[in-house]
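A.B. asks: heads up, no residue letters with this:
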C-alpha cells in the first residue's frame, strides 16, 4: 500500500473544524512516537518571541517600487540553501526601505520561512549580517527565537529542513484562491531537537560551516566576475542613435540590439587585450561546444516521481537547487532522456523568462539523473582540454557577456526569450589568459558549493527521526 486511501479520525480529534484529510496524516503521529526516544519535539510557537514579533509576515510593496534601488526585497524564490540568494530579483530604493522597515523588521539572526505559494512553502533561510538592510515580502514569515528558548537558531534552521517538519508543512498548507498558505498553523510545527547535546553541537558546527562557505562562495563569484577588467568608464545611455539600413540584422528593429555603448565596450576590451573575442556560434562551428534546448513533459507529469525536472527557477548562483521544485517518474525520464537528459559538467542556461534570462549553472554528479525544461539551453563542451566547462561557465557570467544577452532577449507573448541569439554572444577565446584564470576560480567556487550541499545533508540527517515501516515508499517519505 503506497498511499492512505482512507483512515479514520474521531470527532474529538478534529482541530478548529478542519476537515481536510491530510491535516491528520497518520504517518506523522507514528513518526512522532518513534522520535520520542532520541528527540524532544519542540513546538515552534514555544521557541519564538511572544506575540507578533515572534512570527510575522513581511510587507506588500506596489510594483512601481520594483527596480528603484539596490535594497533587497526578499521574496519566496529568494531563499536558497539556507541563505538569501545574492542575485535577488527585486531591489527597492532607500526611501522605500525607510518607509517600510519598521513593519518589515528583519534583523541579522532571524529565520525566514516561505508562508504562501505551493512547493516553496516551508523553505527557510538565515539572515546574515551582509543581507541587511532588506525588506521582506508579505508571503514570507520572519521568525525570531527567544534568547532563552534553549534552541540555537542554527539548530532550528536545520530542524525546519527535515523531512519530518516539511511533511508537517505539507499537511498544514491549504489552498487559498490560487496559492497555498500555512498561516499561523506554522506555530504548531514540531521540531525534532536531539536529546544528546553532542549531536546538537555537531549540527550547529555544520550549519556554521555552511554559512561560512556561502560567504566564501559569494566572494569567489565576485572575484571571478572581475577577472576581466572593464574597458574604462561606461558611456552614458543613448536616448537615440542612427543606424544605416545596411547594418540591420535579420530584420531586427529593436534598438537595444544595436546598443552602441556595448559595441564600443567590446571593441575597447579587444584592443586592450589584443585578442578577438569569439561568438558562441563560432565555438559550435569549431567543434568545441554543442547547444540544445530541453523538453516539456506537461504538468500532469509533475510530482509523479523523484527524478528532478529542472526549470528556470531552479538555477541559483551557478548551481542547481538541491531540492528542485518538480519531480517526475522514471518512466517519464526514460521517455524524454534522449533529448532532455543531463550529464555531469553540462551547463544549463536560462533562455526564456525575464530577470533570469542568461543565468547559468554547472551540473554536478549529485544533480543526476535529471531532465531540463524547454526554457533552458544545454551547453556541452566537447574538448575539455581546449574549453573546459568551468571556464565556459565563468566566461558566460562576465559582465560584458551578460550585457550582450540582455541586449538580445526579446519579449515573446508574456515572457522574454534569448532564443538562438545566444550564438551571437562574444566571449574571450579559449585558452586565453582570462579563460584560464576563470577556470581556476570557478573550480574553487564549485568545490565549496559541493561542501555546502554535503554539510546541509549531514546536518539534516542528524535531526531526522526514523520513518515508520508502514510509511516507507509512500510519497513524502522518499527523498533523493
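C.D. replies: Right, received. Where do you want to start? Quick caveat: nothing in here was measured; it's all calculated off a predicted structure.
A.B. asks: Surely residue 422 touches residue 377?
C.D. replies: Yes: using C-beta atoms under 8 Å, residue 422 is in contact with residue 377, at 6.5 Å. For every residue, glycine as well, the C-beta is placed using N, CA and C.
A.B. asks: Residues in contact with both of the two, list them for me.
C.D. replies: Common neighbours of residue 422 and residue 377, using C-beta atoms under 8 Å, 6 or more residues apart in numbering, are 291, 349, 351.
A.B. asks: quick check, nearest of those to residue 149?
C.D. replies: residue 349 (43.8 Å; C-beta to C-beta).
A.B. asks: For the closest residue to the closest one other than its chain neighbours, give me phi and psi.
C.D. replies: What sits nearest to residue 349 in space, not counting adjacent residues and going by C-beta to C-beta, 6 or more residues apart in numbering, is residue 360, at 4.2 Å. Phi and psi for residue 360, reported as degrees, to the nearest 10, are phi -140, psi 160.
A.B. asks: Might you report the residue contacts of residue 360?
C.D. replies: Contacts of residue 360 (C-beta under 8 Å, 6+ apart): 315, 318, 347-350, 379, 393, 396-397.
A.B. asks: and the gap between it and residue 312?
C.D. replies: Distance, residue 360 to residue 312, by C-beta to C-beta, to the nearest Å: 11 Å.
A.B. asks: joint contacts of those two?
C.D. replies: residue 350.
A.B. asks: hang on, the earlier thing: can you tell me which of the shared contacts of residue 422 and residue 377 end up in strands?
C.D. replies: Here DSSP state E is the test, and these give 291, 349 as lying in strands.
A.B. asks: Just to be sure, residue 83 is in a strand?
C.D. replies: Yes: with DSSP: H, G, I helix; E, B strand; the rest coil as the criterion, residue 83 is part of a strand.
A.B. asks: just so I have it, where are all the strands in the stretch 51-200 of the chain?
C.D. replies: 55-57, 71-74, 79-80, 83-84, 91-92, 111-114, 116-117, 124-126, 135-136, 140-143, 174-176, 179-181, 190-194 (DSSP state E, counting those that start in this stretch).
A.B. asks: mean pLDDT for the ones you listed: which is lowest?
C.D. replies: Here the lowest mean pLDDT among the strands of the stretch 51-200 of the chain goes to strand 174-176, at a mean of 82.
A.B. asks: so what's residue 44 up against?
C.D. replies: Taking C-beta under 8 Å, 6+ apart, we find residue 44 in contact with 55, 143, 160, 186-191.
A.B. asks: check contacts around residue 103.
C.D. replies: residue 59 are the contacts of residue 103 under C-beta under 8 Å, 6+ apart.
A.B. asks: Please report the distance of it from residue 57.
C.D. replies: 10 Å.
A.B. asks: Could you do residue 160 as well?
C.D. replies: Taking C-beta to C-beta, one finds residue 160 at 17 Å from residue 57.
A.B. asks: Between those two, point out the one with more neighbours.
C.D. replies: When residue 160 and residue 57 are compared for neighbours, residue 160 comes out ahead with 24 against 18, by other C-beta atoms under 10 Å.
A.B. asks: so what's the more buried one closest to, chain neighbours aside?
C.D. replies: Here the residue nearest residue 160, using C-beta to C-beta, 6+ apart, is residue 124, at 4.7 Å.
A.B. asks: Over to residue 180?
C.D. replies: Closest to residue 180 by C-beta to C-beta, 6+ apart is residue 173, at 4.2 Å.
A.B. asks: I'd say the one you found and residue 179 touch.
C.D. replies: No: using C-beta under 8 Å as the test, residue 173 is too far from residue 179 to be in contact (9.3 Å).
A.B. asks: Give me the common contacts of those two.
C.D. replies: With C-beta under 8 Å, 6+ apart, residue 173 and residue 179 have no common neighbours.
A.B. asks: who's in contact with the residue lying closest to residue 159 once chain neighbours are set aside?
C.D. replies: Among residues not flanking residue 159 along the chain, residue 191 sits closest, at 4.2 Å (C-beta to C-beta, 6+ apart). By C-beta under 8 Å, 6+ apart, the contact set of residue 191 is 41-44, 47, 151, 156, 159-160, 165.
A.B. asks: now, which of those residues lie within helices?
C.D. replies: Within the contacts of residue 191, residues falling in helices by DSSP state H are 44, 47, 156, 159, 165.
A.B. asks: quick one: which two of these are the most distant?
C.D. replies: Largest pairwise distance in these, by C-beta to C-beta, is 12.7 Å, between 47 and 165.
A.B. asks: Identify the residues contacting residue 20.
C.D. replies: Here residue 20 is in contact with residue 174 (criterion: C-beta under 8 Å, 6+ apart).
A.B. asks: any idea how far it lies from residue 391?
C.D. replies: Distance, residue 20 to residue 391, using C-beta to C-beta: 52 Å.
A.B. asks: Tally up the residues packed near residue 256, please.
C.D. replies: Neighbours of residue 256 using other C-beta under 10 Å come to 12.
A.B. asks: Can you classify it as helix, strand or coil?
C.D. replies: Once three-state DSSP is applied, residue 256 turns out helix.
A.B. asks: ok, it touching residue 407?
C.D. replies: Yes: counting by C-beta under 8 Å, residue 256 does reach residue 407; the two are 4.9 Å apart.
A.B. asks: The residue nearest the centre of the chain bridge partners, please.
C.D. replies: Taking C-alpha atoms, centre = their mean, the centroid of the chain lies closest to residue 316, which sits 4.2 Å from it. Bridge pairing for residue 316 (DSSP bridges) gives the partners residue 319.
A.B. asks: per-residue confidence for it?
C.D. replies: Looking at residue 316, its pLDDT reads 85.
A.B. asks: check contacts around it.
C.D. replies: The contact partners of residue 316, by C-beta under 8 Å, 6+ apart, come to 80-81, 85, 87, 361.
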